[in-house]
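Novice: Pasting a predicted model and its sequence here:
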Amino acid sequence: MFLPLHQKRSSPEFRGMVAQKERLALYAHCAHLSAIVTEFTGQ
């Protein structure tokens, strides 16, 4: 069940999980930036 870290890291499930986390982080970053822009242009 518990694989060595390098094996776990190269597994498709782990890569998919990391890719999903990165995508969510990117979405959150973009939403944050657009909120800042809206705030500045709205005033």
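Specialist: Yep, that arrived.
Novice: Can you pull out the low-pLDDT segments for the protein?
Specialist: For the chain, applying pLDDT under 70 flags the ranges 1-9, 43.
Novice: okay, which residue is most central for it?
Specialist: Central residue of the chain (C-alpha atoms, centre = their mean): Glu22, 2.2 Å from the mean position.
Novice: Which of the helices or strands spans that one?
Specialist: helix 12-42 (DSSP states H and E).
Novice: Work out the gap between that helix and the centre of the chain.
Specialist: On the basis of C-alpha atoms, centre = their mean, to the nearest Å, helix 12-42 sits 6 Å off its chain's mean C-alpha point.
Novice: for stretch 10-26, same thing?
Specialist: 7 Å.
Novice: Number of residues surrounding Phe14?
Specialist: 14 (other C-beta atoms under 10 Å). Glycine gets a C-beta too; all of them are placed from N, C-alpha and C.
Novice: Then the one 3 residues further on?
Specialist: The local packing count at Met17 equals 11, with neighbours defined by other C-beta under 10 Å.
Novice: Could you do Lys21 as well?
Specialist: 10.
Novice: Check the one 10 residues further on too.
Specialist: Other residues within reach of Ala31, judged by other C-beta under 10 Å, total 10.
Novice: Next, the contact list for it, please.
Specialist: Neighbour list for Ala31: empty [criterion: C-beta atoms under 8 Å, 6 or more residues apart in numbering].
Novice: mind checking how far it is from Leu24?
Specialist: Separation of Ala31 from Leu24 (C-beta to C-beta, to the nearest Å) stands at 10 Å.
Novice: now swap in Ser34 and tell me
Specialist: 16 Å.
Novice: cool, Thr41 as well?
Specialist: When Thr41 is compared with Leu24 (using C-beta to C-beta), they lie 26 Å apart.
Novice: between the two, who's got more neighbours?
Specialist: Leu24 (10 against 7).
Novice: how much space between that one and Leu33?
Specialist: Between Leu24 and Leu33 the distance is 15 Å, computed by C-beta to C-beta.
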